[in-house]
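J.: Give me a model of this one.
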Amino acid sequence: MQQKSITKILQQGTAGSVVTLCGWVRTRRDAKTFSFIELHDGSCMSGMQIVADNSLPGYDDSISKLTTGSSICVTGSLADSPGKGQKFEVQATSITVHNRAPEEYPLQKKRHTFEYLREIAHLRPRTNSLGAIARLRSSLSYAIHTFFQQRGFICVHTPIITASDCEGAGEMFRVSALDAHNPPRTEGGTVDFGKDFFGKEARLTVSGQLEAECYALALGKVYTFGPTFRAENSNTSRHLAEFWMIEPEMAFYELLQDMDLAEEFVRYLARHALDACREDIDFFNLRIEKTLIRTLENIADNQFVRLTYTEAITELEKHNETFEYKVSWGADLQSEHERFLTEQVHKKPVIVYNYPKAIKAFYMKLNDDEKTVRAMDVLVPRIGELIGGSEREDRHDVLVNRIRALGLDVDDYRWYLDLRKFGGAPHAGFGLGFERLLLLMSGMQNIRDVIPFPRYPGNAEF
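T.: Residues are numbered from 1 along each chain as shown. All right, here's what the predicted structure looks like:
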């Protein structure tokens, strides 16, 4: 008989039908002539109660000795469950034990701290919280592709290895095939990267944006969804060294259209999480963040507030005494400022735009005041910045001046400048950090708990 998942059985099963399901034992409790086994297979939050009679083959030798974490396959008759909180139970006719977990299995049926679970990242998906994150992550990945595909965007796979620093910050991981203990040297004594694999210095990308712009200026509307890297020594609950980014780029879009798309995107994903992942969202709302559903409904159902950077600073300066980092025009907004705007002032997401050029990247379009650029950030409750984007500088000479002003090498961006020389056009885009989105959608507190195998300073385990 074909194996079925618990979620399919709960959705489509009928009492009296014979089913086969496989999974891992959460608990076993014994009565006089039978055992109750709680079985989970990861397909949903719910488990399935298995009723194992002592007449089953192998009952005394193995079934009655099953431990938490053991793996089994069960065939039996589906029956309406007399117990509360469960639709069906399976009255087993056969149980195959694939592995009996030893008593030192590290995930017993009790609450474990997230710090402890990070130490056993290879086992933590078997917990309710991390299993729910995995399902939510998968469903939102699907929703992201669906959103863009339905709107005529083309998915582009941008390179992970690059020679360009998109952000101009230099916080990049080097990729090299040279002998680390005895690299070739130039006459000046520096490492000769001309003899490296790529014939020049190469690094892990911080963004697929620059390459996505190439395709936007050929195909119109594109997006990329892939891993990005930061060699930034930020040991916080909001930063990772390796994370995933969604980055759309749109030809002939200006800043207003960019903001419209970003808002539509976030609201779409919030509604998707509420509708398609309700069992897991209910769990997060009950166990992780009591206001989660209210927050997601507020995002999905209401238009975002829009403020210029200057307006945001004016509002924040009224409350400067409450902040650790004082605000003034020209300063970058900190998380405490972003959260104050969304949680205290407006009580909904806020889009801040027209930032000072001094705190933004070289590729953002300079406004006529020559003090600000057409940049925007989408700020949300609990997280702060969720999206960063801008209209891109499409004027060749202005872009050259910006690159030079920031001390970057114009030669490194020749191909990027060509996009402005040969058929250049207004265009815009943004980047959304997938893990920050998952923090928002789950209510989880630490970004290390919404990615399967987190990478951060001092940690590259598993």
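
J.: wait, is Ala15 part of a strand?
T.: No: going by DSSP: H, G, I helix; E, B strand; the rest coil, the assignment for Ala15 is coil, not a strand.

J.: Go ahead and confirm it touches Phe88.
T.: Yes: using Cβ atoms under 8 Å, Ala15 makes contact with Phe88 at a distance of 7.0 Å. All C-beta atoms are positioned from the backbone trio N, CA, C, and that covers glycine.

J.: Need the overlap of contacts for the two.
T.: Both Ala15 and Phe88 are in contact with 78-80, where contact means Cβ atoms under 8 Å, 6 or more residues apart in numbering.

J.: got a winner among those for most neighbours?
T.: Counting neighbours by other Cβ atoms under 10 Å, Leu78 comes out on top of the shared contacts of Ala15 and Phe88 with 21 neighbours.

J.: Could you give the number of residues near Arg267?
T.: 18.

J.: ok, now which ones touch it?
T.: Contacts of Arg267 by Cβ under 8 Å, 6+ apart are 299-301.

J.: And Ala15 and Phe88? Which one has more around it.
T.: Neighbours were counted for Ala15 and for Phe88 using other Cβ under 10 Å; Phe88 has more, 19 against 12.

J.: mind listing the helices for the stretch 151-300 of the chain?
T.: 209-219, 255-276, 278-287, 292-301 (DSSP state H, counting those that start in this stretch).

J.: buried ones in the first one?
T.: Yep, that's helix 209-219 we're talking about. For helix 209-219, the neighbour count (16 or more other Cβ atoms under 10 Å) marks 209-217 as buried.

J.: Could you measure from Glu247 over to Pro227?
T.: From Glu247 over to Pro227 the distance is 12 Å, taken as Cβ to Cβ, to the nearest Å.

J.: Looking at these two, which is more packed in?
T.: Shown here are Glu247 and Pro227; by other Cβ under 10 Å, Glu247 has more neighbours (24 against 14).

J.: Thr224 is in contact with the more buried one, correct?
T.: Yes: Glu247 lies in contact with Thr224 (Cβ under 8 Å); the separation is 5.0 Å.

J.: shared neighbours, these two?
T.: Common neighbours of Glu247 and Thr224, counting by Cβ under 8 Å, 6+ apart, are 208, 212.

J.: Quick check, pLDDT for the closest residue to Leu178 other than its chain neighbours.
T.: What sits nearest to Leu178 in space, not counting adjacent residues and going by Cβ to Cβ, 6 or more residues apart in numbering, is Asp196, at 5.3 Å. What the model reports as pLDDT for Asp196 is 96.

J.: can you check Trp329 too?
T.: Per-residue pLDDT puts Trp329 at 98.

J.: on that earlier part again, any idea how far Val206 is from the residue nearest to Leu178?
T.: Separation of Asp196 from Val206 (Cβ to Cβ): 20 Å.

J.: Which of the two has more residues huddled nearby?
T.: Taking neighbours as other Cβ under 10 Å, Asp196 and Val206 compare with Val206 leading, 24 against 18.

J.: measure that one to Leu107 for me?
T.: For Val206, the distance to Leu107 - Cβ to Cβ - is 36 Å.

J.: Only alpha carbons, please: show stretch 305-324 as CSV.
T.: This file holds the C-alpha atoms of stretch 305-324, laid out as CSV (Å, rounded to 0.1, in the frame of the first residue of the first chain):
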residue,chain,number,x,y,z
VAL,A,305,2.3,54.8,5.8
ARG,A,306,4.8,56.7,3.6
LEU,A,307,7.2,59.3,5.0
THR,A,308,10.2,61.1,3.6
TYR,A,309,13.3,60.6,5.6
THR,A,310,13.1,64.3,6.7
GLU,A,311,9.5,63.8,8.0
ALA,A,312,10.6,60.6,9.9
ILE,A,313,13.5,62.5,11.5
THR,A,314,11.3,65.3,12.5
GLU,A,315,8.9,62.9,14.2
LEU,A,316,11.7,61.0,15.9
GLU,A,317,13.4,64.1,17.2
LYS,A,318,10.3,64.8,19.3
HIS,A,319,11.1,61.6,21.3
ASN,A,320,14.9,61.8,21.3
GLU,A,321,15.2,61.4,25.0
THR,A,322,13.8,57.9,24.8
PHE,A,323,16.4,56.6,22.4
GLU,A,324,19.8,55.1,23.1
